[in-house]
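In: Let me see the structure of the following:
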Amino acid sequence: MKNNILLSKLINILTCSCRTFGLVGLLTVALPSTVYAHRGTSNEVDACNILVGHERVHFTAYTPTFNNKEYCQLIPHLGTTNLVFDYGGKSLRNLTVEFEVTKEPEGTRVFYLEPTKIKSGTVNGTVDFNKFGAGNYLVHVAIVHKDKSIDNHIPLSVGLESEPSDNLPIKALFIVALIAAAIYLMKRAAGKNATRTSDV
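Out: Below is the predicted model of the structure:
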């Protein structure tokens, strides 16, 4: 008799533990995992960095008429866009650097800053993408010295894709419903086990 009661309690504990671990697993999967940070450690891969030779330039785009979010490779809105180029180190401040944005595949120039030494380490520009339309663009950065240049670029999509939504309220409701269902099932199982124990 005692062995049956102990065995029943052990099964209840194991069942509740399995349900709890399952719930934690579901919550881990359901919670938003997207991180929108651009800047990281020097070894971290950053899609907003343009590596020119050994130098890094961080590119950020803002669409102030729509929101104050940062973008780099995907700008969901057509309109006036502020472009910001930040040097990753101080070496570029002593070099002549050229900045350009072109619409692809035709290569039409939509923004250009001729080769200049930028002592502040930050370059600001503005492009009204309404004039050029939705499409694929390239952001170019080049270090220019005499007749030679080292350059690199990153792709930029403008007005082609909608902004990814987080749907946080829907996810929160889903998580609350999962927790409520788990609590209900645990109470129901505990009630059944209590009835069985009292019958014995």
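
In: how long is stretch 58-73 from one end to the other?
Out: Distance between the two ends of stretch 58-73: 12 Å, counting by Cα to Cα, to the nearest Å.

In: any idea of the mean pLDDT in the helix or strand hosting Thr102?
Out: Taking DSSP states H and E as the definition, Thr102 sits inside strand 96-104. Mean pLDDT, strand 96-104: 96.

In: Looks to me like Gly191 is in a helix.
Out: Yes: Gly191: assigned to a helix according to DSSP: H, G, I helix; E, B strand; the rest coil.

In: quick one, helices of the chain?
Out: Taking DSSP state H as the test, the helices found in the chain are 2-30, 168-199.

In: Going by mean pLDDT, which of those comes out lowest?
Out: Among these, helix 2-30 scores lowest, at a mean of 52.

In: And the pLDDT at Gly53?
Out: pLDDT recorded at Gly53 is 89.

In: Can you tell me the number of residues neighbouring the nearest residue to it once chain neighbours are set aside?
Out: Ranked by Cβ to Cβ, 6 or more residues apart in numbering and with sequence neighbours excluded, the top spatial neighbour of Gly53 is Ile150, at 4.6 Å. Every C-beta, even on glycine, is put in place using the N, C-alpha and C of the backbone. Here the number of neighbours of Ile150 (other Cβ atoms under 10 Å) works out to 14.

In: Please name the bridge partners of Ile150.
Out: Counting by DSSP bridges, Ile150 is bridged to Ile143.

In: isn't it right next to His140, touching?
Out: No: at 11.5 Å, Ile150 does not count as touching His140 under the criterion of Cβ atoms under 8 Å.

In: Break the chain down into its structural domains.
Out: Segmentation of the chain into domains, based on automatic domain parsing, reads 2-33+166-199, 49-158.

In: Mean neighbour count, the ones you listed: which tops it?
Out: domain 49-158 (a mean of 16; mean count of other Cβ atoms under 10 Å).

In: just to revisit the earlier point, which strands or helices does the strand holding Thr102 pack on?
Out: Of the remaining helices and strands, those touching strand 96-104 by 3 or more Cβ pairs under 8 Å, 6 or more residues apart in numbering; DSSP states H and E are strand 108-117, strand 122-128, strand 135-145, strand 148-158.

In: quick one: which of these is nearest Ile179?
Out: Between Ile179 and the helices and strands packed on strand 96-104, the shortest gap by Cβ to Cβ is with strand 148-158, which sits at 38.5 Å.

In: how big is the angle separating that closest one from strand 96-104?
Out: 40 degrees (axes from the mean of the first three to the mean of the last three Cα atoms, to 10 degrees).

In: which residues sit against strand 148-158?
Out: For strand 148-158, the external contacting residues (Cβ atoms under 8 Å, 6 or more residues apart in numbering) are 47-48, 50-53, 59, 61, 72-75, 78, 81, 98, 101, 129, 134-143.
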